[in-house]
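In: the following comprises the amino acid sequence and a computationally predicted model.
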Amino acid sequence: MLILDEPTNHLDIDGIIFLENFCRQWKKSIVSISHDVTFINNTCESIAEISGKQIHSYAGNYDFYIEEKQLRYDSQLRDYNNQQKDVEIQEAYINRFRANSAKASSVQSRIKALDKVEMLEKPENETL
């Protein structure tokens, strides 16, 4: 395994081209930490991100990672908002019919159902 920390710092263009070619030909794993997006795009086949106490893997270069990360965030936000709307509807029903004896069993079943729901946390939109 080859570990590179900011490998393009202090290299001229010829050095960067040599390093990119070397990384593409290397048959073993490379862990590279870099702010050089062009270098990452030219040498990377997968990206791992540690975020929210989890490791997220993306098969592709940096541009692919950015797109997929945004799609993941959009999906998580949509799920969170849908759950919040559903909880609000159920709570409004419970509050409206709590004192109605004819709806007591319906209210109780909705209360139990809400207690069993695993609440989603609102995702953070990390600046890219």
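Out: Yep, it's here.

In: helices or strands up against the host helix or strand of Gln90?
Out: Under the criterion of DSSP states H and E, Gln90 resides in helix 62-97. When contacts are defined as 3 or more C-beta pairs under 8 Å, 6 or more residues apart in numbering; DSSP states H and E, helix 62-97 sits against helix 37-43, strand 46-51, strand 54-59, helix 104-116. All C-beta atoms are positioned from the backbone trio N, CA, C, and that covers glycine.

In: please identify the most buried of those.
Out: Neighbour counts (mean count of other C-beta atoms under 10 Å) averaged over each of the helices and strands packed on helix 62-97 peak at helix 37-43, with a mean of 17.

In: could you give the average pLDDT over that one?
Out: Helix 37-43 shows an average pLDDT of 95 in the prediction.

In: touching it from outside, list them.
Out: With contacts defined as C-beta atoms under 8 Å, 6 or more residues apart in numbering, helix 37-43 is touched by 7-8, 16, 19-20, 23-24, 30, 32, 34, 47, 61-63.
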